[in-house]
Each structure stands twice: as structure tokens, then as C-alpha cells.
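> Give me a 3D structure for the following:
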Amino acid sequence: MSTPARRPDAAQNRTRIVEAARAALAESDDVHLKEIAKRAGVGQGTLYRNFPNREALLAEVYRRDVEELVTAASALLAEYEPVEALRHWFDRVIDYAEIKYGVLAALEPAAWQDLVTHSQNPIEGALGHLLDAGKAAGSIRTDVDARGVLLLIAYLGRLDREEWGTTARPLMNVILEGLRRRQDADGRG
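Residues are numbered from 1 along each chain as shown. Sure thing, here's the model as predicted:
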């Protein structure tokens, strides 16, 4: 027996709820369901029909951000050269990480650890795809891998929320510049 399809208005409500929660997380770690329902333009009953508790809603915000981040890699490579695609993807990583910070701060450790564990491989795969394209084009160093770059990016999580806006992008630019393949004096990479 298959699950019945959602009515279009119900699907729109669910999307609005997730988007409202994401916007609230970008502003503060202190997210209240009543405020999210109000922002989404739905009643609390509609919110609870879609998400039985706060943790379920925040987990969905996190999963959607991961999905968007992962699917963006191929789309960016179709539009840009590899280094520029990587730069745009890193911009998305910064936005994702800011929301991730809010989600993880709002969830119990066991819940967020499960989310992070399930998102690591898809994100590493998307980054690997971008790096491989850059290596093939000769614009990214060949001695780096996705896991190592993710370790560098993970240090952004040590930033305080107040310094995120002024510090995250400059640090990500340092990482990107370190990934670029440089020509030595003899013209070799």
C-alpha cells in the first residue's frame, strides 16, 4: 500500500513551515514553534500535523539544506568553470553551516549526531565531484581530497555566531586559494 500524495496546499504549507524555521534559525538558536507557525502563515495544528515536535522540524530543515548543498555541486559545474563552481558552492556551505549551527544548538546531542553522520558522505561526495572536476581541468591541486578539505571547513564551526558574518567568507576564501593549483617558475603545476 503506497502513501497517499499530499494535497498541493498541504505540500505548500509544509514547505512554508520549513522555510520559516530556516529563517528563524538564521536569526537565532532560540526557535519557538508558535513563532514559526505565525511566520509560515499556518495554525499550530497544521504545524504539528506536519512535524510532531520541534526536533522533527529542525531535522527536516537540516536534511533539506544538505540535499540542496549536494545537488548544487553538479548544477554549479554545469554553469561555471570548476574553481568558480567551487567558490559558489563554498558560499552555499557558509549559508548551510550557519543554519547547521542553529539546528545543532537547538537539538539534543543524540539527534544532531545522527543527522551529521547521515549527511557526511553525501556532502563529501559533492565536494569530491567539484575537486575532481578542478583537478581534471588543471585548476585544483592534485594532492588534496574532499575529506581533508571538509576538515578545514569544519573549523568554521568554532566561530562564535557574532563573528560569523565578518569572518566565515574570508576564511573560506583562504581555503579556496589554498586549493588552487599554482604554476611554479618552470611553468609546471
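
> use CA for all of it now, contacts and neighbours both
Fine.

> which stretches of this structure have low pLDDT?
Applying pLDDT under 70 to the chain picks out residues 1-6, 183-189.

> could you point out the longest helix in it?
With secondary structure taken from DSSP state H, the chain has its longest helix at helix 109-137.

> Please name every helix or strand in contact with that helix.
Packed against helix 109-137 by the contact rule (3 or more C-alpha pairs under 8 Å, 6 or more residues apart in numbering; DSSP states H and E) you find helix 54-79, helix 82-106, helix 146-154.

> Now do that helix and helix 146-154, the angle between them.
Orientation check (axes from the mean of the first three to the mean of the last three C-alpha atoms, to 10 degrees): helix 109-137 against helix 146-154 gives 120 degrees.

> Would you mark the buried spots in helix 109-137?
Under the neighbour-count criterion of 16 or more other C-alpha atoms under 10 Å, helix 109-137 has 112, 115, 119, 123-124, 126-135 buried.

> got it, and stretch 142-161?
T142, A146, R147, V149, I153, L156.

> Would you format those as a markdown table with distance to E162 included?
Shown next, in a markdown table, are these (distance: C-alpha to C-alpha, whole Å):
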| residue | distance to E162 |
| --- | --- |
| T142 | 35 |
| A146 | 28 |
| R147 | 28 |
| V149 | 24 |
| I153 | 18 |
| L156 | 13 |
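
> Max pairwise distance over those: which two?
Between any two of the buried residues of stretch 142-161, the greatest separation by C-alpha to C-alpha is 23.6 Å, found for T142 and L156.

> tell me the contacts of the residue nearest to the spatial centre of the chain?
The centroid of the chain falls nearest to Y96 when counting by C-alpha atoms, centre = their mean (3.0 Å). Counting by C-alpha atoms under 8 Å, 6 or more residues apart in numbering, Y96 touches D65, V66, L69.

> For these, which entry has the maximal number of neighbours?
Among those, V66 has the most neighbours (other C-alpha atoms under 10 Å), with 23 neighbours.

> from what I can see that residue touches E124, true?
No: in this structure, V66 is not within contact of E124 by C-alpha atoms under 8 Å, at 11.0 Å.

> Mind giving me the packing neighbours of the helix or strand that P170 is a member of?
Secondary structure from DSSP states H and E places P170 in helix 161-179. In terms of contacts (3+ C-alpha pairs under 8 Å, 6+ apart), helix 161-179 is packed against helix 82-106, helix 146-154.
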